[in-house]
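**Q** Below: sequence and its predicted model.
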Amino acid sequence: MSTLTIIGVDGVVFAAWLFLISVGLTLIYGVLRILNIAHGSLYALGAYTGATLLLAYFRHDLWPLGSLAVLPLAALLVGVTAGPLIERGLLQRMYGRDEILQLLTTYALFLILEDVMKLVWGTSPYYAYRPYGLLGQVSLGGVVYPGYSFLLVGIAALTGAALWAFVNRSRFGRLVVAVIHDPEISVAMGVNLPRVYVVTFSLGAALAALGGAYTAPMIAIVPGIGVEVIVVAFAVVVVGGLGSLEGAALGALIVGVVRSAAVHLLPTLELFTIYLVMAGVLLLRPYGLLAGERVRRL
Amino acid sequence: MDRRGWLVRILAGAGAAVLAVALAVPVRQGVQAAPAKPGEVKVSFVTFLSGPAAAPFGVPARNAAEVLVEQLNAGKAPAPYGAVGIGGVPIRAVYTDEAGGADKQVAELRRLVLDEKVDLVIGYISSADCLAVAPVAEELKALTVLFDCGTNQIFEDASHRYVFRTAGHQILDSVGAARYVLRADPRAATIAGINQNYAWGQDSWASFRDSMRRLKPGVRVVAELFPKLYAGDYSAEISTLLAARPDVIHSSFWGGDLEGLVIQGTPRGLGKQGTLVLTTGDTLLPRLGRDLPEGLVVGARGPHGALAPDIPLNRWFKSVYTDRYGIRPVYPAYHMAQALLGVKAAYERAASGGEWPTKDQVIAAFEHLTFETPSGPIQMALGNGHQAVEPSAYGVTGPFDPKTRERRLVRVVRFSTACVNPPEGMKSAEWISQGFPKARCP
């Protein structure tokens, strides 16, 4: 298999993971206008919850492939518990406040959640890697890929399509779009703004947790895994354009393929690729690839 | 006697008195009075208690400190460490988090020494933290024992009086790995490396690569990969390694990164087409158990963990640690044991006259000391007696042992300290590039 094909496959697989971990961040920013630093903690919560459910599942000697269906349940659990709790308990007090204050609030939340996870799950690593080998291997020209990587691509594509349909085709999605464009007019037209906010934040939290849950079988789950994720997710959504779902997909694809190319062709540059892409895009399009310029209101 | 004679005698007498006082002052200053025996020895243990390095390194090291302090204070440790605490004085432990970066650790060290008034500091896993605190410890004249960090720069690029390191530096891991690999497969001709992109990963790879080239001229590097620390996803790197088909893959990955690499690499056959060498792989054995594949070359940064010798001190350490924490100690715990037992040995050697020793006496006793540890005897042989040398050991993962719930290590080879450490006065890079002069290997 040619190097170009390997770069393509690796790039798409990494892009799928990037999209899963970053789409919730851009959704929350698009609607709530809050850059959620605690997104990394929600990802870690998803990973811990997913691992706990997987370990419980395998203890009962059930059909192994069924374990893959347990992971969305972990995302749902995090979404419906942590989401409303954080949005109603904390973030609703921050709307319209200074951006620095919002940033500091979500950063404080990130630190609190890190300690909460240590209290609940302790500091020892959790392993739930059994599903990673369940889907067999695919050999492409001598390079073996796990079937799980292609499952990730499928989950990312499905998530993206479902999210697009939700925003563009459902009634609630249209309300969300209205709020994105003008919250004040939306309220005047009778849109229940707090409801839109709490549902959107919970959905964003569930998406972060979904990314964490499907990553759980690939890694050792230890305290601090959310730190790196927030940096990478932020870079992806900045490239695509903060608040744009299509932008998150495009940003993930570009960053994924460029990083993959760097690993294969120029490994010494790998560390900088994400930031090089980000800097390059910001130089040419300061609002990212697919975000429109913000209209200044008088 | 005339008046002039009296004057001469008075002046001569006064001169002699001044001379006697002048001579007497330095003599008195040179002899420090022995300090009174304290009520406790206050030791600060600095390890990662938060962040990604806490679970694999910081917490096992802290746990080792905790259980050892309890055992030593209760006088339950075996010979030669049977005396209560340190020389009969109980140890009081102060645990400090190493997370936060080198600047924070420098500030913390000042606080521990000046405000907390600890008697000594045992700490630091990160090489960056060791490099930052060493000169500050000198400035504060604070007895500081580095227990785990791997950089060889500490005593090769500077000399220290108040700083000691009771673990070997990373050269022994890399040189030991190269010697082991070529002994196991003398035909190995191509190598690749996947190491974390910071000082530890880059230095480890450079010394392994250069050792391989010196030991077998003509060895070719087919891939050098440096993923970011805590990257998590290694799909592209594993593809590169599989496509390059090297005979040997070297990795100094640790903690969650190491586990992620093995979890993601195993189903893809990483380590099957060539030899996968994991210099810190011992930490995987109790964690992954049966799921760790056979045939991986595993090290433990010295003769620790599964590679530790079967001696009474090791059996005791493993037993008290496992009873307390439900898992056997891994190499950072062994490094912590080395540091604490080294300090105890140095203090008790300095106090052998019966009086509580001064700091200078402890330093003099610590320099060039050889002391017993669960990993065997440790010599403070380098850096003017401030830097320990350790032997190296590697083995291959073999059949699963239901008794220990770990894969047994087979084809274990131990390399003596003289085989894998540079001689005193020679820098590691020079030692490797000159073809390991004065190395004595079995």
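**A** Right, received. Where do you want to start? Residues are numbered from 1 along each chain as shown, chains lettered A, B, ... in the order given.
**Q** Next up, the contacts around the residue nearest to B:His368 when sequence neighbours are not counted.
**A** Nearest residue to B:His368, sequence neighbours excluded (Cβ to Cβ, 6 or more residues apart in numbering or on different chains): B:Gly385, at 3.8 Å. To be clear about C-beta, it is placed using only N, CA and C from the backbone, and glycine gets the same treatment. For B:Gly385, the contact set (Cβ atoms under 8 Å, 6 or more residues apart in numbering or on different chains) comprises B:Phe366, B:Glu367, B:His368, B:Leu369.
**Q** Which single one of the residues you listed is nearest to chain A?
**A** Within the contacts of B:Gly385, the smallest distance to chain A is 32.0 Å, found for B:Phe366 (Cβ to the nearest Cβ).
**Q** How about the contacts made by the closest one?
**A** B:Phe164, B:Gly342, B:Val343, B:Ala346, B:Met380, B:Gly385, B:His386.
**Q** Which ones among those map onto helices?
**A** Using DSSP state H, the members of these that fall within helices are B:Gly342, B:Val343, B:Ala346.
**Q** Just the buried ones from those residues?
**A** B:Gly342, B:Val343, B:Ala346 (16 or more other Cβ atoms under 10 Å in any protein chain shown).
**Q** can you name the two of the contacts of B:Gly385 that are farthest apart?
**A** B:Phe366 and B:His368 (8.4 Å; Cβ to Cβ).
**Q** Next, show the common contact partners of these two.
**A** In contact with both B:Phe366 and B:His368: B:Met380, B:Gly385, using Cβ under 8 Å, 6+ apart.
**Q** what are the phi and psi angles of B:His386?
**A** When quoted as degrees, to the nearest 10, the phi and psi of B:His386 stand at phi -100, psi -10.
**Q** Please name the nearest non-neighbouring residue to it.
**A** That would be B:Phe164: by Cβ to Cβ, 6+ apart, it lies 4.9 Å from B:His386.
**Q** contacting residues around that neighbour?
**A** Here B:Phe164 is in contact with B:Leu143, B:Thr144, B:Val145, B:Leu146, B:Gly342, B:Phe366, B:Met380, B:His386, B:Gln387 (Cβ under 8 Å, 6+ apart).
**Q** need the contact list for residue 128.
**A** You didn't say which chain, so I picked chain A. A:Gly50, A:Ala51, A:Leu54, A:Leu55, A:Ala216, A:Pro217, A:Ile221.
**Q** wrong one, chain B
**A** B:Gly101, B:Ala102, B:Tyr198, B:Ala199.
**Q** How many residues are close by A:Thr123?
**A** 19 (other Cβ atoms under 10 Å in any protein chain shown).
**Q** Specify the local secondary structure of it.
**A** coil (DSSP: H, G, I helix; E, B strand; the rest coil).
**Q** hang on, it packs against A:Pro223?
**A** Yes: between A:Thr123 and A:Pro223 there is a contact at 5.7 Å, judged by Cβ atoms under 8 Å.
**Q** Residues in contact with both of these two, list them for me.
**A** Counting by Cβ under 8 Å, 6+ apart, the residues touching both A:Thr123 and A:Pro223 are B:Ala54, B:Ala55.
**Q** From chain A, how far off is the one residue sitting closest to the centre of chain B?
**A** In chain B, the residue lying closest to the centroid (Cα atoms, centre = their mean) is B:Ala167, at 2.5 Å. Per Cβ to the nearest Cβ, to the nearest Å, B:Ala167 is found 22 Å from chain A.
**Q** which non-adjacent residue is nearest that residue?
**A** That would be B:His335: by Cβ to Cβ, 6+ apart, it lies 4.6 Å from B:Ala167.
**Q** now swap in A:Leu269 and tell me
**A** Nearest to A:Leu269 is A:Ala262, by Cβ to Cβ, 6+ apart, at 4.8 Å.
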